[in-house]
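Student: My questions concern the predicted model and sequence given below.
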Amino acid sequence: MAAGSAAPLLAAVACTVLVLLAPAVSGDAATLESVPDLVKAMYVNIESFPCVRLLNLSGEIGCSNPGHGLVIAPIVRFKNSDDQLAQPSAVLLPLDQMPAFFLRVSNEPELYHKVAGVLVESNGDKLLELSPDRKFPQEDFAPYSNVSHDWNPAGSGIMWNRYDFPVFLLSEESTQTLRKIADKNEKSNNGYQANVAEFDLVMQTTKAETNGSESCLKEQSCLPLGGQSVWASLPPMSNASAEHQKPIIMVVAPQDSASFFRDRSLGAASPISGLIALLTAVDALSHLHDLGKLKKQLVFAAFDGEAWGYLGSRKFLQELDEGGDSVNGINSSMIEQVLEIGSVGKGIRHGDTLFYAHASRNSSISKKILDGLQSGSDSLGSDNVKVKPAASSNPGVPPSSLMSFMRKNTSTSGVVLEDFDSQFSNRFYHSHLDSPANINSSSIAAAAALVARSLYILATGDMTVDLMTLNTIKVNVTLVEELIGCLLTCDPGLSCGIAKSFISPSNACPSHYVGVFQDSPSSTQSPIYADDTSRFIWNFLADRTSTLAVNASSCTGKCNNESEVCVGGEVEGGGLCVVSTTRYVPAYSTRLKFEDNAWHVLPANSSDPMGAVDPVWTESYWNTIGLRVYAVQSTTSDRLILLAGLAVTAASYLGVIVGRAYISKITKRD
């Protein structure tokens with residue numbers, strides 16, 4: 001056939017395909033003018049957030065496609081927790097049924113094998129609680145034996161199980177779309193069309209057939225969880241630590257959270273409320289003069305990776321032991337007191353602001369911290385910010401970074417400041433619902449004021465407290481609200497004014513999942529892969545704890561003087577060199593070593609008791625992650641169309657034979 005005659009035929013075939021497929025696609029068939037239009041009409045890409053595959057030394061948790069290919073299944077809406085599945089299906093799951101469903105799936109193999117994938121609806125505004133973590137989070141790291149205490153009564157533990165099917169959290173808009181599609185499927189009753197979900201969640205560990213951290217690191221199909229912690233001193237210290245042997249008061253807060261869904265780990269109440277209180281307290285103290293004359297040195301630290309085996313605090317303590325460059329200027333023997341700011345976003349109840357102080361041990365130094373907090377509370381007077389010692393019936397301190405210090409040195413004296421006594425006040429612990437709606441900015445501001453004043457009192461040591469100076473310590477409430485917007489919302493998110501004055505964010509929407517450690521540990525003084533949150537904290541602390549250099553110069557990277565750092569070097573026009581002791585510290589498992597351009601798991605060390613129970617968390621690589629829906633014909637419809645096609649073909653063939661015979665007969669007659 002000539003090319004000229006083929007083109008009209010192909011065009012006619014394409015038009016026929018468009019017409020035949022029009023009933024199976026959403027949208028107006030009249031607008032289908034090309035194949036891309038057809039594809040766009042047939043497939044609806046769904047905005048969603050995946051549960052991914054994580055590994056440890058003993059196995060896997062999280063989600064993945066079971067094999068190397070896509071998963072395609074009809075969408076079925078679960079309405080009751082005891083619903084059944086007739087065939088492998090993509091389950092559209094109401095959020096309030098999520099814990100019960102995943103616990104049921106783990107215990108019912110027959111149901112498990114019929115779950116092709118799960119689509120979790122997002123709107124849970126009326127939920128009273130949802131926590132996928134355990135009732136005692138990270139109990140293996142507790143420095144005491146009673147681990148049966150329910151710190152997190154809402155905990156279901158479902159995030160620690162393995163699911164060999166994909167799970168996605170839908171956005172608000174996608175939830176409405178999928179509900180309509182599921183309703184169509186239900187009404188069609190397996191008739192002409194079925195709407196299916198196509199899941200693309202293939203983890204590289206599945207392809208490499210690895211099932212633990214040690215094997216996947218060898219196959220290089222995963223990377224260790226980790227990031228960058230940040231610490232800073234106020235006022236700055238010289239690297240020559242012999243000149244600065246003041247006892248250290250360490251003030252710490254975690255900077256990362258966790259969730260069933262990787263990229264929805266905001267952690268507003270736990271732990272970001274404490275982080276914001278720490279940053280605000282530093283800001284308040286930075287306005288004081290002559291801090292260098294105080295008896296104690298203030299050191300602030302934001303630890304990364306705490307949600308996954310206290311990676312940041314444990315690595316920080318290891319660096320202190322080994323005298324790493326990242327902690328140059330301090331050592332563990334200098335740390336006299338540790339004050340951790342925990343969850344402080346829900347301290348306001350019935351108009352009163354109340355916090356609880358959980359002490360590590362009954363020692364004279366712990367009592368000094370408690371007395372300092374009480375004195376700080378008294379100094380606030382009419383602000384009515386109260387602090388109480390936690391109940392003596394508690395087994396010990398709640399899950400916190402302080403546990404790392406206590407397991408490292410049993411004589412460590414410290415206090416964790418929380419907005420709860422015996423059980424978490426946060427009913428959405430390690431859930432994507434732990435959002436700004438779950439906290440109160442006034443409670444965070446009150447905690448920051450309490451901490452700032454208490455630290456000044458504690459740092460005076462045996463000196464008489466200057467009441468005039470103490471009463472000038474006030475927190476910037478506007479800063480609290482701005483930091484909430486920066487660290488916990490997408491609008492403005494890390495495009496907020498204060499963040500953009502320091503960094504060029506890679507993503508406006510914040511997420512406080514720790515991520516994976518990508519740097520070589522030797523390059524951590526200027527880490528290339530530090531995430532937006534770590535870089536913002538570093539710049540903020542460097543700015544607030546700094547003194548201006550004698551010959552201040554602009555910069556885009558390192559400063560010439562070792563005691564200086566470049567603040568705001570990422571932004572257009574460059575930053576400024578200031579005198580500050582602010583450092584990054586790598587946060588990854590103490591059981592890992594980077595050698596020959598690869599990660600290796602080290603044997604447990606008897607001098608590292610927390611290392612013996614360290615799971616060594618890693619995250620699988622993946623190529624792409626996607627979710628889309630489209631309509632397909634039912635098998636019955638396909639068979640009917642085939643039969644109709646065969647009938648048309650047979651009729652056409654018969655018509656051709658009859659026509660040819662008739663034409664031949666007429667021709668002979670002529």
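Tutor: Structure's in. What do you need? Numbering: from 1, shown residues only.

Student: what about residue 542, is that helix, strand or coil?
Tutor: helix (DSSP: H, G, I helix; E, B strand; the rest coil).

Student: Quickly note the distance from it to residue 166.
Tutor: Computed as CB to CB, to the nearest Å, the residue 542 to residue 166 distance reads 42 Å. (C-beta placed from N, C-alpha, C; glycine too.)

Student: of these two, who's got more company?
Tutor: Between residue 542 and residue 166, residue 166 has the larger neighbour count (other CB atoms under 10 Å), namely 29 against 25.

Student: What does the pLDDT read for that one?
Tutor: We note a pLDDT of 98 for residue 166 in this prediction.

Student: And stretch 527-535, what's buried?
Tutor: Residues of stretch 527-535 classed as buried: 527, 529, 530, 531, 532, 533, 534, 535 (neighbour count, 16 or more other CB atoms under 10 Å).

Student: what's the longest helix in this structure?
Tutor: helix 635-669 (DSSP state H).

Student: What backbone torsions are found at residue 125?
Tutor: Residue 125 adopts backbone torsions of phi -60, psi -30, taken as degrees, to the nearest 10.

Student: Can you get me a residue count around residue 317?
Tutor: That count, for residue 317 with other CB under 10 Å as the rule, works out to 22.

Student: what's around the closest residue in space to it that isn't next to it in sequence, how many residues?
Tutor: Distances taken as CB to CB, 6 or more residues apart in numbering put residue 408 closest to residue 317, at 5.0 Å, once the chain neighbours are dropped. Residue 408 has 21 neighbouring residues, counting by other CB under 10 Å.

Student: ok so, going back, okay if I get the buried residues of stretch 527-535 as JSON lines plus distance to residue 612?
Tutor: Formatted as JSON lines, those follow (distance: CB to CB, whole Å):
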{"residue": "527", "distance to residue 612": "28"}
{"residue": "529", "distance to residue 612": "29"}
{"residue": "530", "distance to residue 612": "29"}
{"residue": "531", "distance to residue 612": "29"}
{"residue": "532", "distance to residue 612": "34"}
{"residue": "533", "distance to residue 612": "30"}
{"residue": "534", "distance to residue 612": "28"}
{"residue": "535", "distance to residue 612": "33"}
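
Student: any idea which of these is the one closest to residue 357?
Tutor: When those are compared for distance to residue 357 (CB to CB), residue 533 comes out closest, at 27.1 Å.

Student: Show the pLDDT at the closest one.
Tutor: 97.

Student: residues in contact with the helix or strand hosting it?
Tutor: Using DSSP states H and E, residue 533 sits in helix 532-544. Residues outside helix 532-544 that contact it (CB atoms under 8 Å, 6 or more residues apart in numbering) are 227-232, 234, 255-256, 275, 279, 282-283, 286, 300, 302, 304, 486-487, 494, 498-499, 502-503, 505-507, 510, 512, 527, 530, 565, 567-568, 570, 578, 580, 582, 584.

Student: Ignoring the adjacent residues along the chain, who's closest to the residue positioned nearest the centre of the chain?
Tutor: The centre of the chain sits closest to residue 513, judged by CA atoms, centre = their mean, with a distance of 2.3 Å. The shortest distance from residue 513 to any non-neighbouring residue, by CB to CB, 6+ apart, is to residue 265 (4.0 Å).

Student: domains in this protein, as residue ranges please.
Tutor: Taking the TED database as the domain assignment, the ranges for the chain are 36-211+624-633, 230-237+248-465+515-546+580-586.

Student: Can you convert those domains into TSV and add a column each for distance to residue 664?
Tutor: Shown next, in TSV, are those (distance: least, CB to CB, whole Å):
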stretch	distance to residue 664
domain 36-211+624-633	41
domain 230-237+248-465+515-546+580-586	73
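
Student: Pick the most buried one from these.
Tutor: Of all the domains of the chain, domain 230-237+248-465+515-546+580-586 carries the top mean neighbour count, a mean of 22, counting by mean count of other CB atoms under 10 Å.

Student: and that one, how far out from the chain's middle?
Tutor: Taking the mean of its C-alpha atoms, domain 230-237+248-465+515-546+580-586 sits 19 Å from the chain's own mean (CA atoms, centre = their mean, to the nearest Å).

Student: Surely residue 275 is in contact with residue 487?
Tutor: Yes - between residue 275 and residue 487 there is a contact under CB atoms under 8 Å: 7.5 Å.

Student: Give me the distance between residue 171 and residue 195.
Tutor: Counting by CB to CB - residue 171 and residue 195 are separated by 18 Å.

Student: Likewise for residue 629?
Tutor: From residue 629 to residue 195 the distance is 6 Å (CB to CB).

Student: residues shared between the contacts of the two?
Tutor: 75, 181.

Student: can you tell me which residues contact residue 439?
Tutor: 268, 269, 273, 345, 346, 484.

Student: re the thing from before, out of the buried residues of stretch 527-535, which comes closest to residue 314?
Tutor: residue 534 (17.0 Å).

Student: how far away is that closest one from residue 310?
Tutor: From residue 534 to residue 310 the distance is 17 Å (CB to CB).

Student: Report the beta-bridge partners for residue 414.
Tutor: residue 338 (DSSP bridges).

Student: That one contacts residue 340, doesn't it?
Tutor: Yes - using CB under 8 Å, residue 414 is in contact with residue 340, at 6.7 Å.

Student: what touches both of those two?
Tutor: Common neighbours of residue 414 and residue 340 (CB under 8 Å, 6+ apart) are residue 402.

Student: Look at residue 600 and give its secondary structure.
Tutor: Going by three-state DSSP: residue 600 is strand.

Student: Pull the contacting residues for it.
Tutor: 217, 592, 593, 594.

Student: Return the residues in contact with residue 587.
Tutor: 226-229, 303-305, 311-312, 315-316, 514, 517.

Student: Same list (these) but as a markdown table, adding distance to residue 185.
Tutor: What follows is the contacts of residue 587, written out as a markdown table (distance: CB to CB, whole Å):
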| residue | distance to residue 185 |
| --- | --- |
| 226 | 43 |
| 227 | 42 |
| 228 | 47 |
| 229 | 48 |
| 303 | 47 |
| 304 | 44 |
| 305 | 42 |
| 311 | 44 |
| 312 | 46 |
| 315 | 50 |
| 316 | 53 |
| 514 | 38 |
| 517 | 43 |
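
Student: out of those residues, which one sits closest to residue 598?
Tutor: residue 517 (12.9 Å).

Student: would you say the residue nearest to residue 513 is within a strand?
Tutor: No - counting by three-state DSSP, residue 265 is not part of a strand but coil.

Student: right, and it touches residue 510 too?
Tutor: No - if you go by CB under 8 Å, residue 265 and residue 510 don't touch, sitting 9.5 Å apart.

Student: Pull the contacting residues for residue 327.
Tutor: Contacts of residue 327 by CB under 8 Å, 6+ apart are 231, 316, 319, 320, 583, 585.

Student: brain fart, residue 95
Tutor: 120, 121, 122, 123, 124, 127, 130.
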